[in-house]
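using only what follows, build the 3D model:
(chains A and B)
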Amino acid sequence: MKTVRKKPGWQIIKNQKQLIFMSVPVCLYIILFSYIPLWGWSMAFQDYKPAKGFFEQTWVGFKHFIFLFSDSNFLNALRNTLAMSLINLVLGFVTAIAFALLLNEIRITSFKRVVQTISYLPHFLSWVIAAGIVQMALSIEGGIVNTILIKLGFIKNPVMWLSKPEYFWGIIGISFIWKELGWNTIIYLAAMSGIDPGLYESAEIDGANRYQKMWHITLPGIKATIVVLLILSIGRLMEAGFEMQYLLRNGLIMDWSDTIDIFVINFGIGQGNYSLATAAGIFKSVVNITLLFSANYFAKKIGEERIV
Amino acid sequence: MRKEVTIKWFLLILVFLLSADFCFPSDRSEGKQKLYKVSVFILTPSQQPTPDNRVFKRIKEEFGIVFDFDIIAGDANQKIGVMLASSDLPDIINAHQRFIDNEAFIPLEGLIEEHAPRIKKHLEQCWSLITHDDGHIYVMPNWGVYQGDYKSNESLGPAFWIQKAVLKEFGYPEVKTLDQYFDLLIKYRERYPTVDGQPTIGFEILCEGWRDFCLKNPPQHLIGFPNDGDVVVRDNKAEMYSDKDYAKRYYKKLNELNQMGLIDREAFVLSYDQYIAKISSGRVLGMFDQKWNFQRAEYSLKKQGKIWRTYAPCPVTYDESIKDYYMDRPVVNVDRGFGISVNCKDPERLIKLFDSLLDEEWQKFLQWGVEGEDYIVNDKGKFIRTQEMRDMQNDPAWKQSHTGLSFFDESTKLEGTFSDGNATSPGIQPEEYFESLKPEDKEFLAGYGYKTFSDFFSPPPPNPPHYPVWSLHIPEGTPGQTAFLKYDDISLKYLPRVILADPKNFENVWAQYMDELEKIDIPAYLDAVNEAIQVRIKKVVNN
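Okay, here's the model as predicted:
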């Protein structure tokens, strides 16, 4: 049978008028807050001064972009951003899926609930408080990490975790997991509850054990969710977070802790150089969009779920 | 039929929305003294006044002006950046260089000449100093414009601070040199490895964010120069000191002390709050800092009754032949205070308000309070407080409901002496100052034969005309400013490494630091500073 795609005409519009009516506010919202501000990108090509009108600004072409890519601080920040967000991405995914699988296997509902609640509570803490807790835990005077490691005999003297650049990315990664793990599992648990129980029953009849059921039924059952979330996360690869690094950084580890956002705050907003801040922002957005579409394209190629 | 109903509903909602919109303007009351709501931006983290605050109630009654305070929380530079970019400016702004650079203020000199005789008289002595190159005055300085006699009892500025307990332990010795200072800390720490059950910290260094002056500034003082920020000025020429041998000598010393365990191991990762918490615990024997920066910790120590754990200043130098220059004479706080923004609807009314507040009666109310409630007049006509009044004044909650808080701090004000001979504020009234000292403090001062804590310092010579460099204006976004920012970053990165380095490796790390400094355009920064110095010298000479 041949399906003819009708051209959008008044008839269709009339038929779908409720739907169109409902989507108008959302479209307006997106135009107003996502597209109109793009006008501000023009700042990246000017030496922008807030006091002057648009036509009085000096246009400087790609000066700010050239400055960015010749500045060792920015290149450092770029490396740190990518590294930390890759660590967060991989760790975040693996732990969240594993944790969700484990939770899903728990039979006692009340225990499951308690574990779930406790694990997602840190999500509701602000980063300022979270950073304070991390700082305290890593302190050399009675910090829990040092105390435990000494008691277990792994180290002799307390280690100054936050003064060693080589530990910083790891500290950020672990802090992210501690804070977001429980929250990230929620969506997987939801996806798991949508799996047809009949599949498990027939697997059981066929003699599958628990691990086999997890591997052959649960995981494939949430594969679509995993792929969609992965694509979305890859699209945010240039966002390694800001608050945590900003709050935990100090002079000794600056080279490893500063992300692009911190660079923008210090050398852009903090110095009144809005153009530089905008240029860095454009760069981030362009990279993010490129990554998002490549991931999406790749998913399409291997025949997986995709978002666009 | 249904369609009609829908349209009617729609019209009804529309009418409601429109009428609501038009209602509000007519709501604003008329009448002779129209209540004027003024928005104020405050740049120092502080408390909001309570709704029934005594000062603001009186301002409302007398002038019909109410304030709406926006008090900063967090980083000033970011907040300012956002405010300027959105051009969402309140009526009165607590000035910062960047507001001036971005033309956020209206010129005040015309308004002052026309409507504000008191402000005119008050600022006359520094008129050309506070006038910008374009001939305008944008900010009324908050502190540093003195009239009458001035005597300081206490310096809030920089020094190497040491716990009074340490000096008492060793029989109140003279501390003149850096080596003497550190020897005392070392000896005391050996004798008392713990304070109140916690390990004693010999020397603390704060280097968080802009407060890194605790790490960077000491070398200039050790060679007998005043606080000019990151440069020392000889014959009106600025030189960077971080890369000089006299700076290296200080950090070498710190490196040695670190090997002995005198310096807090956590020093370079401390946040400001952790720093204050450590000092408040009473186990930090000494640090280099400016007193206003750690005063919060001293209040806490006093509250805990640990008076001997509060600090006395040691204005030390490298050797006794160098005269200390830590304490300076008051300087006009140029470009800090309140300015009126370009968004203000009625600047005339505000300038008249500030003028009225400069009246001596108002100033007594703002700085001393109400006679009989906050102070009494003794038989010699001097203002003095009873102990109860002092205790009351120290209560933060009371302050919040009875004083002008940061609005008063940032307003231009009388300092020095009133026409009746009383000091403008209790802190500098000699009678009141001695009375308010704790018995321990009196005992401590007697040990040295001093009358005030200022006596620890050499009397300051007249300020050099350029002084101080840290308040000079280096324009935003210029190579000089970028160079300074990078210098700041590199110092923050390398100085801790230099101090923590293995002594064998010290020279090596120091050389790396020098290499990094060489890569940035420091001459551009120095040129900008030197230019600004020349401009200020001209202004001062003109005054």
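
pLDDT of stretch B:475-485, averaged?
Stretch B:475-485 carries an average pLDDT of 83.

please spell out which residues along that stretch are buried.
Using 16 or more other CB atoms under 10 Å in any protein chain shown as the test for burial, stretch B:475-485 gives B:Glu476, B:Gly477, B:Gly480, B:Gln481, B:Thr482, B:Ala483, B:Phe484, B:Leu485. From N, CA and C alone the C-beta is placed, and that goes for glycine too.

between those, which is closest to A:Ala130?
B:Leu485 (28.7 Å; CB to CB).

next up, the contacts around that closest one.
Counting by CB atoms under 8 Å, 6 or more residues apart in numbering or on different chains, B:Leu485 makes contact with A:Asn266, A:Phe267, A:Gln271.

do the same with B:Lys216
B:Lys216 is in contact with B:Asp230, B:Ser242, B:Ser491, B:Leu495, counting by CB under 8 Å, 6+ apart.

and the stretch 351-500 of chain B, which residues reach chain A?
Contacts of the stretch 351-500 of chain B with chain A, taken as CB under 8 Å from any CB of the partner chain, map to B:476-477, B:481-482, B:485-486, B:489, B:492-497, B:500.

in helices, which of the residues you listed fall?
The helices, defined by DSSP state H, take in B:Gln481, B:Thr482, B:Leu485, B:Lys486, B:Asp489, B:Leu492, B:Lys493, B:Tyr494, B:Leu495, B:Pro496, B:Arg497, B:Leu500 from these.

could you report the pLDDT at the residue in the stretch 51-200 of chain A that chain B sits nearest to?
Using CB to the nearest CB, the closest approach of the stretch 51-200 of chain A to chain B is made by A:Ala51 at 4.1 Å. At A:Ala51, the model reports a pLDDT of 72.

ok, back up a step: identify the farthest-apart pair in the buried residues of stretch B:475-485.
Farthest apart among the buried residues of stretch B:475-485 by CB to CB are B:Glu476 and B:Ala483. That separation is 13.2 Å.

any low-confidence regions in the stretch 51-200 of chain B?
Applying pLDDT under 70 to the stretch 51-200 of chain B picks out residues B:149-151.

relative to B:Asp289, how far out is the residue in the stretch 251-400 of chain B positioned nearest to chain A?
Closest to chain A within the stretch 251-400 of chain B is B:Val269: 4.5 Å, counting by CB to the nearest CB. Using CB to CB, to the nearest Å, we find B:Val269 at a distance of 17 Å from B:Asp289.

repeat for B:Ala95
Note on B:Ala95: its distance to B:Asp289, by CB to CB, is 25 Å.

what of B:Arg309?
B:Arg309 is 15 Å from B:Asp289, by CB to CB.

do the same with B:Gly477
Distance from B:Gly477 to B:Asp289, by CB to CB: 31 Å.

for B:Asp230, list the residues it contacts.
So B:Asp230 contacts B:Lys216, B:Asn217, B:Met240, B:Tyr241, B:Ser242, B:Val469, B:Phe484, B:Tyr487, B:Asp488 (CB under 8 Å, 6+ apart).

could you do A:Thr218 as well?
A:Leu101, A:Asn104, A:Met192, A:Ile195.

tell me which element residue 61 falls in.
Unless you meant another one, I'm taking chain A. For A:Gly61, there is no host helix or strand (DSSP states H and E).

wrong one, I was asking about chain B
Following DSSP H and E, one finds B:Glu61 within helix B:54-63.

which outside residues touch that helix?
Against helix B:54-63 from outside (CB under 8 Å, 6+ apart): B:35, B:49, B:65-67, B:353, B:356, B:365-366, B:401-404, B:407-408.

from memory B:Asp289 sits against B:Gly157, does it?
No - the criterion here is CB atoms under 8 Å, and B:Asp289 misses it with B:Gly157 at 9.9 Å.

which one of those two has more residues nearby?
Remark: of B:Asp289 and B:Gly157, B:Asp289 carries more neighbours, 25 against 20, as counted by other CB atoms under 10 Å in any protein chain shown.

quick revisit: so which of the contacts of B:Asp230 wins on neighbours?
Within the contacts of B:Asp230, most neighbours by other CB under 10 Å means B:Phe484, with 24 neighbours.

hmm, that residue is touching B:Ile474, no?
Yes - using CB under 8 Å, B:Phe484 is in contact with B:Ile474, at 6.9 Å.

for chain A, what's the nearest residue on the stretch 351-500 of chain B?
Relative to chain A, the nearest point of the stretch 351-500 of chain B is B:Leu492 (3.9 Å; CB to the nearest CB).

give the contact list for that residue.
Taking CB under 8 Å, 6+ apart, we find B:Leu492 in contact with A:Gly251, A:Met254, B:Cys207, B:Asp212, B:Leu215.

what does B:Lys120 give?
With CB under 8 Å, 6+ apart, B:Lys120 has these contacts: B:Ile112, B:Glu113.

now name the helix or strand holding it.
Using DSSP H and E, B:Lys120 sits within helix B:117-123.

between the contacts of B:Leu485, which is closest to A:Pro122?
Taking CB to CB as the measure, A:Pro122 lies nearest A:Asn266 of these, at 28.2 Å.

what's the pLDDT at that closest one?
So, for A:Asn266, pLDDT stands at 82.

cool, and the one 3 residues further on?
A:Ile269 carries a pLDDT value of 78.

now it: closest residue in space that isn't a chain neighbour?
Of all residues not flanking A:Ile269 in the chain, B:Gly81 sits nearest, at 3.9 Å (CB to CB, 6 or more residues apart in numbering or on different chains).

which residue ranges make up each domain of chain B?
Following automatic domain parsing, one finds the domains of chain B at B:36-148+B:334-420, B:158-326+B:437-542.

turn these into CSV, including distance to A:Phe298.
Putting the domains of chain B into CSV (distance: least, CB to CB, whole Å) gives the following:
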stretch, distance to A:Phe298
domain B:36-148+B:334-420, 38
domain B:158-326+B:437-542, 39
